[in-house]
Structure formats: C-alpha cells, structure tokens
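A.B. asks: What follows is a predicted protein model with its sequence.
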Amino acid sequence: MMGLPYDLIVFYLFASILVVAASMVIFVRNPVHAALFLVLSFFASSAIWMLLEAEFLAITLILVYVGAVMVLFLFVVMMLDIDLAVLKEGFVKFLLIGGVIAVSMLGLMISVVGPDKFGADQITPPARHAADYSNTEELGRVLYTDYVYAFEIAAVILLVAIIAAIMLSLRKSRSAKTPNISKQVSVKKEDRLRIVKMDAVTDKGERS
Amino acid sequence: MIATWQSWLGLWLPEPLPMILIILLKIVAIVLPIMGCVAYLTFAERKIIGYMQMRIGPNRVGPRGWLQPIADALKLLSKEIILPTKANKALYFLGPIITLAPALAAWAVIPFDNLVVLADINAGLLYILALTSLAVYGVLIAGWSSNSKYAFLSCMRASAQIVSYEIAMGFALVGVLIAAGSLNLSEIVLAQQGSLLNWFWLPLFPLFIIYFISGVAETNRAPFDVAEGESEIVAGFHVEYSGMSFALFFLAEYANMILISVLSAIMFLGGWLSPFQGLDAIGLGVVEEYTNWIPGILWLLLKTSFFLFLFLWFRATFPRYRYDQIMRLGWKIFIPLTIIWILVVGGMVVFEVPPWFDA
C-alpha cells in the first residue's frame, strides 16, 4: 500500500477523462453538448498541468478558457437554431476527403510529437519541487526579466486587437432614435422658442 | 490535535486512509456550518427586510419564527421534482449541481484564523477567481436545458452580467495582489497587520467598493437582479425548477453571498485580525489587552456579517437597475477605475508609501 504511485493514478485518471471528453467533442451531435465536453477536457488538462506543479497555468486555463471564452462560445451556440438532420447529411459525401485529411494530420502529429521525440526514454521527468516553490513567482520572474520585450510586444498587440474589435463592433449609424441627453440639458430658451411681435389683426366688415 | 487524531487513526487503517478521512472531516466541518448559515441567512433576510419595511416578518413557526428555515427546507425536500417535457434531462439536473459545487469548493482556501485553513495553497486568490467564474455555467446550463423562453432569456441576461462584472472583480483582486505581494489568502491577511488603518480598505478604497458592488452583481442580487426580474421574466433561469433542485439554486445564491462577504472581509478588512490591534500607539493599549482573548474567527465572522447585512440592506433600499445601466456601470465606470487604481497601487508599492507599503 505504501508504494502506490499516486501521481500516476491521478495522471491516468485525468488523461483518460481528457481523451474521452475530447473525442466526445467531435462525436457528439448536439453542439451545446460538444461545447460542454470541451469545457470538461479543459478541466482535465488543467488537472494534468497541476500535476506538473504549473498551478498558475492550470488555474489560468480554467479562468480564461472555461470562465470566459467557452461562456461566449456557449452563448453563440445556444442561440443558433441548428437542424441536426441537415448536419448528418453530408457525412458519406465528405467521408473520403475527411479521412484523408485526418490520416495525414495524424501522421504529421506523430512525426512531430511522436514517441521518438517525446517518449518517456527521451525526456527525464522533472524533479519535484519543495512545498514553498511558487510557480507563479517563477513565471513572473522569467516573463519580466528574460522575455520582457517579447512579453510587452505581445501585450501591445493584444491591446491593439481589443481596440480593433471594439472599433469593428461600433456602429456609427444608429437605427434607434434616442435623445441626446447632454444636448437636451444644455438647450436654451432661444433655441426652441421664437417670439414674433406682430400687430393685432382686425377684420372689418365681414362679420358685421 | 488533528495530528494526534491522524496518528491514532493510522494505528488500524492502511496508509492513505487516515489522511483522506481527516480531510473529509475537515470538509464536513466547513460545509455544515455554511449550510446552517445559508438557512439562517434566508431567515435573517426576511426578518431584516421586514423590519425595514415596518413589517414583522415570519413569526409563526417556532418561537419568534426561529424554525422557519427548517420548515422551508422540509417543505422543499418533500416537494415533487418536475421535469419539463422536451427539457434536456441530463443537463437539467446537472445545472443546479454545477451552480452549487463551485460556491462550496471555493471555501477550501478561505483562512478562518492564522493557519486554520483547509488548503493553504500558493495560488489561493487565482483559485477563488477561477471558481467564482464557474458560477455562470450553472446559470447557462439551467436556462438552456429548461427549454423555456423565460429561462433562456434570463440565462442570457445573467451570464452577460456575470461575465462583465467578473472583469472588474478580477482587476480589483489584481490590486490586492499587488498590495499584498502574494496570492495566498493567509499572507494577504498577514500583510494587513498593524492596526485598523493598515487594512487594505484604506489604500485600496476604490477597489474595495468596486469589489463589493461587483460581488453583488455577480451573485445576481438586488439591485442587479435583472436575472430574476420577477415582473418581466417571471423568476429567471430557474423558473422551470421545483422542489430540491430549485432549492439548490437558492443554496448556491446564499452560499455565494457569504463567500463574497468573507472574501471582502479577508482582502480589505483584515480577515481574522482584531480591529483593536495597534492601539498602543495612541495610548489605548488597555483595550487591546482586554480584547486579546477574542478568537480571530469571531472577528472574521463579525466582518462577514457586516457585509451580509449590506446585501440585505441593498435589497430593501435600491430599485432594480435597468439592463443598459448595469452594463454601463460595469464596463465604462468600474473597469477604467480599477485600471487607474492598479497604477496608483503600483506607484504606492514602488515608492513604499507608509504606513502600508514601507519595509
């Protein structure tokens, strides 16, 4: 009982959840279910990162992808009116070309991250750190010293992207007719009211 | 004491079991009081709002109505759970569970006193932020799987609101992180040691206010309760739920309220620290001496209760915000303000402004 490799058990548990959830993302028909399975696979991969003592990255994965990105995904997917029968239609038609692409992608990935490059005999497992090791501090130190320029440039690019996205969604011509409050408040009497002096009109004779 | 229990259990149980048992016991010791607090928070809400509106509030069940929450719980437990036709069954039941689970899991890193914490992890603040951002899933799943227009509209409203205010909340926490220099909640409290004026409410005052208001918005409480909007969309995303599955949403809402209150107390009002600390400097050291015996958890609970009272007070006082006003407040006022104040805090830390950031 003493020598049970707990981290291996945890790893295989979350790895199998990850594999199952990731394949369900593709195989499940309902797009909302697929998005939720993607959330589950994010959780499982975050747990695996946690095993590597990368707690900052693991929690940030949950915070950013699960907490923000996938919520917006679900938002869109839930509002779509998807006809499941139409989705099934093209399956046989695209089977051949899809299969070719899938096999070639698999071959590419194996050649890049295959066991001869990332196998257990190629890479020694990282040593366990002491309890006071803080992954967050380590990351911060590296980001703000060695990679500070790359980091700042990436930040500026992101800022530009944010501003661009806001500009794209900013609509100049508004169809809704809303009153301009500051204009209304700053209006003066002379702008609205014109007092015209004129003589009293007297009509003679007609009525008698 | 816990170590002796663990070694005593180790005498007849195989190796990992004593540790797991002790952890489970600790979890029970945290969750059970929270459940009790939730039950009596609903009672407090009805009573306090009642008195604020010159009513008496519930007073029939038990002496002065003190057994009302228990009667409510029994009623909800014995009610039928209805599954709407064409609802997505699996997700329909997953919704309330997913709402409640993060609200309770976040308590794992809350320090109740010095070293009294279930999981004293380095990235505690990040963990809290991640878990509070998960609350939106329960709302989304429940609203969508009910297959009802009212529930769906409300879930869209609620999730847009939660996602918007989460950003302001996250920035407020970044300010705390800069000020304390740590993500660990215990160290954040210890960084506020000194006196009442050393607590972070003073140097981080705008962030403190923004954090609490965003917390009110995150929990979908009045005046930000457009997600419920009983006058427009009946009761919000849980309109199709009944019985215990409905009660789980309520449990989660109140557990989240308590969580936000505890977090505000820990990050801005010095957590378990006594407010009489450091009175020596103005010649009132006697007060500090006489109140030393009060355990820290009592101070934490008092501060938490203060924030909970604010939640109820808000609900009795303010009319509901209009939806575009909610979005304007979150995006155009809170987020720019927090970003500016993060710069200010950064400046204060760099120039070691006393009394908070020197030494």
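C.D. replies: Perfect, thanks for sending it. Residues are numbered from 1 along each chain as shown, chains lettered A, B, ... in the order given.
A.B. asks: Number of residues surrounding residue B:289?
C.D. replies: 12 (other CB atoms under 10 Å in any protein chain shown). C-beta: built from backbone N, CA, C; applies to glycine.
A.B. asks: From chain A, how far out is it?
C.D. replies: For residue B:289, the distance to chain A equals 35 Å [CB to the nearest CB, to the nearest Å].
A.B. asks: One more: residue B:111?
C.D. replies: 17 Å.
A.B. asks: how about that residue, secondary structure?
C.D. replies: coil (DSSP: H, G, I helix; E, B strand; the rest coil).
A.B. asks: repeat for residue B:320
C.D. replies: Secondary structure, three-state DSSP: residue B:320 is coil.
A.B. asks: neighbours of the nearest residue to it once chain neighbours are set aside, just the number please.
C.D. replies: Once flanking residues are discounted, residue B:320 sits nearest to residue B:223: 5.4 Å by CB to CB, 6 or more residues apart in numbering or on different chains. By other CB under 10 Å, 17 other residues sit near residue B:223.
A.B. asks: OK, contacts around the most centrally placed residue in chain A?
C.D. replies: Residue closest to the mean C-alpha point of chain A, counted by CA atoms, centre = their mean, is residue A:69 at 2.3 Å. Residues near residue A:69 by CB atoms under 8 Å, 6 or more residues apart in numbering or on different chains: none.
A.B. asks: how near is the residue nearest to residue B:320 to residue B:44?
C.D. replies: To residue B:44, residue B:223 is 19 Å away according to CB to CB, to the nearest Å.
A.B. asks: Same question for residue B:352.
C.D. replies: Applying CB to CB to residue B:352 and residue B:44 gives a distance of 43 Å.
A.B. asks: Then residue A:168?
C.D. replies: Computed with CB to CB, the distance linking residue A:168 and residue B:44 is 48 Å.
A.B. asks: Who has more neighbours out of these two?
C.D. replies: residue B:44 (17 against 8).
A.B. asks: Excluding sequence neighbours, find me the nearest residue to that one.
C.D. replies: Counting by CB to CB, 6+ apart, residue B:44 lies nearest to residue B:312, which is 6.9 Å off, once chain neighbours are set aside.
A.B. asks: What strand or helix carries the one you found?
C.D. replies: Assigned by DSSP states H and E, residue B:312 belongs to helix B:296-317.
A.B. asks: For that helix, buried residues please.
C.D. replies: B:296, B:299-301, B:303-305, B:307-308, B:311-312, B:314-315 (16 or more other CB atoms under 10 Å in any protein chain shown).
A.B. asks: which among these gets closest to residue B:121?
C.D. replies: Nearest to residue B:121, judged by CB to CB, of the buried residues of helix B:296-317 is residue B:300 at 18.9 Å.
A.B. asks: With adjacent residues omitted, what lies nearest to the closest one?
C.D. replies: Nearest to residue B:300 is residue B:272, by CB to CB, 6+ apart, at 4.6 Å.
A.B. asks: Check which helix or strand that neighbour maps to.
C.D. replies: Residue B:272 belongs to no helix or strand, assigned by DSSP H and E.
A.B. asks: Tell me, how many residues neighbour it?
C.D. replies: Look at residue B:272: counted by other CB under 10 Å, it has 22 neighbours.
A.B. asks: List the residues that contact it.
C.D. replies: When contacts are counted by CB under 8 Å, 6+ apart, residue B:272 touches B:111, B:112, B:113, B:114, B:189, B:296, B:297, B:299, B:300.
A.B. asks: and residue B:100, that one's in a strand?
C.D. replies: No: the assignment for residue B:100, made by three-state DSSP, is helix rather than a strand.
A.B. asks: Leaving aside the residues adjacent along the chain, what's closest to it?
C.D. replies: residue B:252 (4.3 Å).
A.B. asks: And that neighbour, how far from chain A?
C.D. replies: In this structure, residue B:252 and chain A are 17 Å apart, going by CB to the nearest CB.
A.B. asks: Report the buried residues of the helix or strand harbouring residue B:324.
C.D. replies: If you go by DSSP H and E, residue B:324 is part of helix B:323-328. Using 16+ other CB under 10 Å as the test for burial, helix B:323-328 gives residue B:326.
A.B. asks: Could you check the pLDDT of the residue nearest to residue B:300?
C.D. replies: Listed pLDDT for residue B:272 reads 83.
A.B. asks: and what of the one 5 residues further on?
C.D. replies: Taken from the predicted model, the pLDDT recorded for residue B:277 is 74.
A.B. asks: Wait, it touches residue B:197, no?
C.D. replies: No: contact criterion CB atoms under 8 Å: residue B:277 and residue B:197 do not qualify, at 10.3 Å.
A.B. asks: who has more neighbours, these two?
C.D. replies: Taking other CB under 10 Å, residue B:277 and residue B:197 do not tie; residue B:277 has more neighbours (19 against 12).
A.B. asks: List phi and psi for that one.
C.D. replies: Main-chain dihedrals, residue B:277, degrees, to the nearest 10: phi -60, psi 140.
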